[in-house]
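Novice: Have a look; sequence and predicted model below, questions after that.
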Amino acid sequence: MTRLLTLNKYFKRNKGKLSLGILFILISDLTQVYIPLVLKDSIDTFKNNPSIDLIINYAIIIFVLAVVSGFFRYMIRQTIIVVSRKIEFDIRQDFWVHLLKLSHRYFQNTSTGNIMAHATNDIGAVRMYVGPAVMYSIDTAIKFIIVIAIMLSISPILTVYTLIPLPILSYFVYKLSKKIHKKFTLIQEKFSDITTMAQENFSGIRIIKSYVREAFEIEKFAKESSEYRKRNMDKIKIQALFTPLLFLITGTSIILLILIGGNMIIDGKLTLGDIAAFMFYLGLLIWPTIAFGWVANIIQQADASLKRLQTIYSEDIEIKENAETDNSITEIKGTIKFENVSFKYRDNLPEVLNNISLIVPQGSTLAIVGHTGVGKTSFVNLVSRLFDVTAGNIFIDGKNIKSIPLNVLRENVGMVPQETFLFSDTLQNNILYGIEKTDEIMLHKVAEIAQLTKDVNNFPKKFETILGERGITLSGGQKQRTCLARALAINPKILILDDSFSAVDTKTEEEILVKLKEFMKDRTSIIISHRISTVKDADNIIVLDNGIIKEQGTHEELLEMSEIYYDIHFKQLLEEELEREL
């Protein structure tokens, strides 16, 4: 259970309210356990001196005690349970902050559904520990101590006999809780699988419908749901033993009370009021006894959930600021230098980039071409520090990229990735996502550069048009141009276009490139493209092959080499010729 100690920082933040809650528990329990003593006195007094006034007086005392106990029971929930909700909020926020700090690599290797399961079920299970479990643990301990002390003062022998079955009940509850813990872990794992499947199905709904795989996906989901139901039923069957055990064992205590207590009344050792008080106290002890096992169950489930959450918290934040960071750097200009840079995604994988050395002067355009899988995207990901180099160094304006504060670096690097992503929000908010305040002038400027203005004018609500999930209401070309506008809106010193015109027709692409040339004056551009027409005007073109720079030069210089670049260019010319003939 040592993992639960990591919650101490959350308890410390709320120690004032928690302390008040403990005080309320004490007051509530003291008033509640005093009621049987009043009842005992009233019964014994009525036996010797029956009086309506006495009945009223005792009734008023019991009523007042019950009201006071009930009021402070309410206040317990207003403190400890409210604190548990605040702690749940803090845990969820900290979890979210940690997630956003994790590297791009983590999200490549972890399913969205699995993360969602952590953020819902697991955090909820931990809240049950910091709320009900803590509250009932303290309540149970206080009540147990006070009640047993009073019972012993009335009759030690009767106390021992009537309490014998209760530890047995607590033991069985604990044993069942351990089994429930195992079942709960399996349930959480299956819930992650179902969440992942649902998320993938919703994201890929067009593919499912295009390939007429609805029936297949329904059947697959039904199998997963059936297994999830089975695991829940296994847990419920174990939980179903609680009630029979409760009645069996508590019934045994009552039988012992009647048999032994009845004989003690006959022998004159106890009064009827004593037995009534004992009956009341046994009732008060039944819940604490069950609570020991129930709380153990909650702790077991919380421990399982916290263990799952810890797997995420234990993930290293690979890309972060450290002792090398120079916080005096507040801007960059855009000169990029690769110095013997090598990179691989994991230690056991081959290098994607191998000993790359290159300078991209400020205000120039570097184009990168090459066949699929040669390391083009990996190259540009290093510039924005989505990944760090395995060997070598990258410099921007002569400063090691690791010394530049992350927010300064990324605020000055506009990146349009291969895979477009748009939020389910207005077109305007998607374009201006990277800036704090709405800037109408910048909005229209970047829309014009990205050749979006004509499209927007045809939308009923113009820039206020709500895009569907991932921009599903836009065409492929419109998505890419919206992402381009978003990258330009931050006014970047370095612009990276990673095959960002693949869904844009060549005429529109030419218009964009003409406007981009003016916008990117004195800024640095890196363009990845399979189209030679996109990169032919770049100041420098490199051809990557198996992670190394195979060719380098201008368009004309590379054509003269008659190697990879020439072959790509020649094939594209043939394709264009065939298209014209068709």
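Specialist: It's in.

Novice: can I assume E551 sits in a strand?
Specialist: Yes. Looking at E551 with DSSP: H, G, I helix; E, B strand; the rest coil, it is inside a strand.

Novice: number of nearby residues for K461?
Specialist: Counted with other Cβ atoms under 10 Å, residues neighbouring K461 total 11. Where C-beta positions appear, they are placed from N, C-alpha and C, glycine not excepted.

Novice: From T185, how far off is it?
Specialist: Applying Cβ to Cβ, to the nearest Å, the value for K461 to T185 is 48 Å.

Novice: same thing with K521?
Specialist: Separation of K521 from T185 (Cβ to Cβ): 59 Å.

Novice: Got the phi and psi for the most centrally placed residue in the chain?
Specialist: Compute the mean C-alpha point of the chain, and by Cα atoms, centre = their mean the closest residue is A119, 3.9 Å away. With angles defined as degrees, to the nearest 10, A119 sits at phi -70, psi -20.

Novice: ok, I62 - how many residues close by?
Specialist: Using other Cβ under 10 Å: I62 sits among 16 other residues.

Novice: dump the residue contacts of it.
Specialist: The neighbourhood of I62, defined by Cβ atoms under 8 Å, 6 or more residues apart in numbering, consists of 35, 38-39.

Novice: Among the residues you listed, name the ones in strands.
Specialist: Using DSSP state E to define strands, no part of these is located there.

Novice: so I526 touches L495, yeah?
Specialist: Yes. Using Cβ atoms under 8 Å, I526 is in contact with L495, at 7.3 Å.

Novice: The residue nearest to the centre of the chain and E88, how far apart?
Specialist: According to Cβ to Cβ, A119 and E88 sit 11 Å apart.

Novice: Surely L366 is within a helix?
Specialist: No. Using three-state DSSP, the assignment for L366 is strand, not a helix.

Novice: pLDDT value on it, please?
Specialist: Here, the pLDDT recorded for L366 equals 91.

Novice: that older thread, settle it for me: which of K521 and T185 has more neighbours?
Specialist: Taking neighbours as other Cβ under 10 Å, K521 and T185 compare with T185 leading, 18 against 8.

Novice: Could you list which residues are in contact with the more buried one?
Specialist: Contacts here follow Cβ under 8 Å, 6+ apart; on that basis T185 touches A304.

Novice: hey, where'd the helices end up in the stretch 1-150 of the chain?
Specialist: For the stretch 1-150 of the chain, applying DSSP state H, counting those that start in this stretch gives helices covering 8-13, 15-48, 52-76, 82-101, 104-109, 112-117, 123-128, 134-154.

Novice: With adjacent residues omitted, what lies nearest to D455?
Specialist: Leaving aside its sequence neighbours, D455 sits nearest to Q478 (Cβ to Cβ, 6 or more residues apart in numbering; 5.8 Å).

Novice: Count the residues that sit near that neighbour.
Specialist: Look at Q478: counted by other Cβ under 10 Å, it has 23 neighbours.

Novice: Low-confidence ranges, the stretch 101-250 of the chain, go.
Specialist: Within the stretch 101-250 of the chain, the stretches with pLDDT under 70 are 108-109, 111-114, 117, 206, 243.

Novice: Show me the strands in it, by range?
Specialist: Under the criterion DSSP state E, counting those that start in this stretch, the stretch 101-250 of the chain carries no strands.

Novice: what does the stretch 301-450 of the chain give?
Specialist: 336-343, 353-360, 365-369, 391-396, 399-400, 413-416.

Novice: The first one relative to strand 391-396, how many degrees between them?
Specialist: Comparing the axes of strand 336-343 and strand 391-396 via axes from the mean of the first three to the mean of the last three Cα atoms, to 10 degrees yields an angle of 160 degrees.

Novice: elements contacting strand 336-343?
Specialist: strand 353-360, helix 376-383, strand 391-396 (3 or more Cβ pairs under 8 Å, 6 or more residues apart in numbering; DSSP states H and E).

Novice: Give me the residues contacting that strand.
Specialist: Outside strand 336-343, the residues within contact range by Cβ under 8 Å, 6+ apart are 351-360, 366, 375, 378, 382-383, 387, 389-396, 398, 494, 524, 526.

Novice: which among those residues end up buried?
Specialist: 351-354, 356, 358, 360, 366, 375, 378, 382-383, 387, 389-390, 392, 394-396, 494, 524, 526 (16 or more other Cβ atoms under 10 Å).

Novice: Would you mind finding the most buried of the helices of the stretch 1-150 of the chain?
Specialist: Among the helices of the stretch 1-150 of the chain, helix 123-128 has the highest mean neighbour count (mean count of other Cβ atoms under 10 Å), at a mean of 20.

Novice: name the helices or strands packed onto that one?
Specialist: In terms of contacts (3+ Cβ pairs under 8 Å, 6+ apart), helix 123-128 is packed against helix 82-101, helix 272-313.

Novice: Identify whichever of these lies nearest to S328.
Specialist: For S328, the closest of the helices and strands packed on helix 123-128 is helix 82-101, at 23.0 Å, according to Cβ to Cβ.

Novice: Bridged to E551, which residues?
Specialist: Counting by DSSP bridges, E551 forms beta bridges with V543.

Novice: so Y228 touches S192, yeah?
Specialist: No. Under the criterion of Cβ under 8 Å, Y228 makes no contact with S192, lying 10.3 Å away.

Novice: Please identify which of those two sits among more neighbours.
Specialist: Taking other Cβ under 10 Å, Y228 and S192 do not tie; S192 has more neighbours (20 against 17).

Novice: Number of residues surrounding V380?
Specialist: 22.

Novice: wait, F501 sits on T534?
Specialist: Yes. Look at F501 against T534 with Cβ under 8 Å: they come within range, at 6.0 Å.
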